[in-house]
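1. Sequence below, structure please.
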Amino acid sequence: MCWQKYNLQKFCRTLAVIALLSSNLFICAQRALTAEEENDFKKCWEEQHSDAEYSISQSLRFYRIKTENGSRASLLVLDLNDRSYVLKPFFNDHPNTVSRVVKEQKALAGINGGFFNLSNGESTSYIVIQGKDQCDPKTNKALVNNPELAPYLETIFNRSEFRIMADKDGKLKASIMSHTDPIPSGWTLVHSLQAGPRLLPKVTDAEEAFVRKSTDGKLFDSIGSHKKAARTAIGITRDNHILLLAVADKKQDSFSSGVTLEELAKMMQELGCKQALNCDGGTSTTMIISQGDSRDELNCTFHKEISCEPEKLVKSGLLVQKNIKRTNSRYR
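-> You can find the predicted model right below:
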């Protein structure tokens, strides 16, 4: 009868292990379901619960965060120190959707970026990719020939931009500066994407001529700074993490129940950013992210986390890609 007793004990232990595993799976599933409810903008990004389905590693994490007014907020956090990934701007000769660009360039994620004229599709923002100028807003006739903007053109050309710089050893550093600010000694410019206004350390909508007086003396706000609207933002932490944030309500009209610029700046600050930049918003606000565990370049599907329907055409944005040159990648 010893063997029967032994088998019974073994069977009980097996049941206990199964019960424990089931309990852990239930807890994990419950946490995944309630992560969005638990996340809010009163905590730093490191204290939030990431979404396991879209987070690839410790260096590339995805979050859904609730807002007080019920708008949707999606956050992608990238560790710029991890060379397993590449963060770079994209620029379309002709306006295209972010989702098409993400698929064409086999990226892991993408957001919209700089401003452009709807009338002619020309960029009003400077963009540099791999050290090469992609566009010059001074050639945009709709911009330079607008008499209302003539007194503000130099300010517009010098609006804030997101920069990625490299030193001689290949170390990367991100910063937000005005377009004419010099590159720090010992660093070279790799990428830049101009947008604006700056959100942190303070909102500079008036200083960058987004809020200005027209020739008849009326105050003009080109991006609805004090209205609630869908918004896209880029943030930088002290330890070189890049935060990409998109906020919009379900309708995502030009000016719907999103957030004001001041509210957006506060969100980025509470998430842990020391510098932050506003990007094109309204119906242009878009975040596309890859779905699934494998992230296979041929079979990967992409999810429109935040997007107007139908998705709007944009001129530029930011992509997160796998660094194919890095053999010992954490991505794998």
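2. Find the residue ranges of the stretch 201-332 of the chain scoring beneath the pLDDT cut-off.
-> The model of the stretch 201-332 of the chain has pLDDT under 70 over residues 253-256, 292-300, 326-332.
3. where do the helices sit along the protein?
-> Taking DSSP state H to define them, one finds helices in the chain at 2-38, 98-104, 141-144, 153-157, 261-270.
4. Lowest average pLDDT across those?
-> Among the helices of the chain, helix 2-38 carries the lowest mean pLDDT, at a mean of 49.
5. neighbours around Arg64, how many?
-> Using other C-beta atoms under 10 Å, the number of residues around Arg64 comes to 18. For glycine as for every other residue, the C-beta is placed from the backbone atoms N, C-alpha and C.
6. what does Asn81 give?
-> Asn81: 12 neighbours (other C-beta under 10 Å).
7. Return the distance of the residue nearest the centre of the chain relative to Ala52.
-> In the chain, the residue lying closest to the centroid (C-alpha atoms, centre = their mean) is Leu244, at 2.3 Å. From Leu244 across to Ala52, the span is 19 Å (C-beta to C-beta, to the nearest Å).
8. Kindly report the same for Leu318.
-> Computed as C-beta to C-beta, the Leu318 to Ala52 distance reads 23 Å.
9. Which one's more surrounded, those two?
-> Using other C-beta under 10 Å, the more surrounded residue of Leu318 and Ala52 is Leu318, with 27 against 13.
10. What residues are recorded as beta-bridge partners of that one?
-> For Leu318, the beta-bridge partners under DSSP bridges are Pro89, Ile111.
11. ok, it - contacts?
-> Residues in contact with Leu318 (C-beta atoms under 8 Å, 6 or more residues apart in numbering) are 87-90, 110-111, 113, 162, 193, 234, 244.
12. next one: Ser178
-> Ser178 touches 158-161, counting by C-beta under 8 Å, 6+ apart.
13. what's the distance between Leu271 and Gly121?
-> 33 Å.
14. what about these two, which has more around it?
-> Shown here are Leu271 and Gly121; by other C-beta under 10 Å, Leu271 has more neighbours (27 against 15).
15. Could you report the neighbour count for the spatially closest residue to that one that is not a sequence neighbour?
-> Closest residue to Leu271 apart from its sequence neighbours, by C-beta to C-beta, 6 or more residues apart in numbering: Trp45 at 4.7 Å. Using other C-beta under 10 Å, Trp45 has 23 other residues around it.
16. Isn't Trp45 up against Leu243?
-> Yes. Contact status for Trp45 versus Leu243: in contact at 6.4 Å, counting by C-beta atoms under 8 Å.
17. Mutual contacts of those two, please.
-> When contacts are counted by C-beta under 8 Å, 6+ apart, Trp45 and Leu243 have 75, 77, 271-272 as shared neighbours.
18. Looking at those residues, point me to the pair that's furthest apart.
-> Among the shared contacts of Trp45 and Leu243, the pair separated by the greatest distance (C-beta to C-beta) is Leu75 and Gly272, at 10.9 Å.
19. Pull up the overlap in contacts between the two.
-> With C-beta under 8 Å, 6+ apart, Leu75 and Gly272 have common neighbours 45, 243.
20. and the two? which has more neighbours close in?
-> Between Leu75 and Gly272, counted using other C-beta under 10 Å, the more crowded position is Leu75 (27 against 19).
21. is it true that that one touches Phe62?
-> Yes. Assessed by C-beta under 8 Å, Leu75 is found in contact with Phe62 at 7.1 Å.
22. Could you list the domains of the chain?
-> As assigned by automatic domain parsing, the chain contains the domains 1-38, 40-322.
23. of all these, which gets the most neighbours per residue?
-> domain 40-322 (a mean of 19; mean count of other C-beta atoms under 10 Å).
24. now do the same end-to-end measure for that one.
-> In domain 40-322, first residue to last residue: 29 Å (C-alpha to C-alpha, to the nearest Å).
25. Quote the end-to-end distance of stretch 63-79.
-> Stretch 63-79 stretches 15 Å from its first residue to its last (C-alpha to C-alpha).
26. Please list all residues in contact with the closest residue in space to Asp82 that isn't next to it in sequence.
-> For Asp82, ignoring the flanking residues on the chain, the nearest one in space by C-beta to C-beta, 6+ apart is Ser59 at 3.8 Å. Counting by C-beta under 8 Å, 6+ apart, Ser59 touches 78-79, 81-82, 84-85, 330.
27. Look up which residues are beta-bridged to Met287.
-> Ile111, Ile306.
28. Enumerate every residue touching it.
-> Applying C-beta under 8 Å, 6+ apart, the residues near Met287 are 74, 76, 98, 109-111, 232, 244, 246, 304-307.
29. let's go with 10 Å and repeat that
-> Residues in contact with Met287 (C-beta atoms under 10 Å, 6 or more residues apart in numbering) are 62, 72-76, 98, 109-112, 232, 244-248, 303-307, 317.
30. distance of it from Leu149?
-> Separation of Met287 from Leu149 (C-beta to C-beta) stands at 30 Å.
31. just Asn117 next, same as before
-> Distance of Asn117 to Leu149, computed by C-beta to C-beta: 11 Å.
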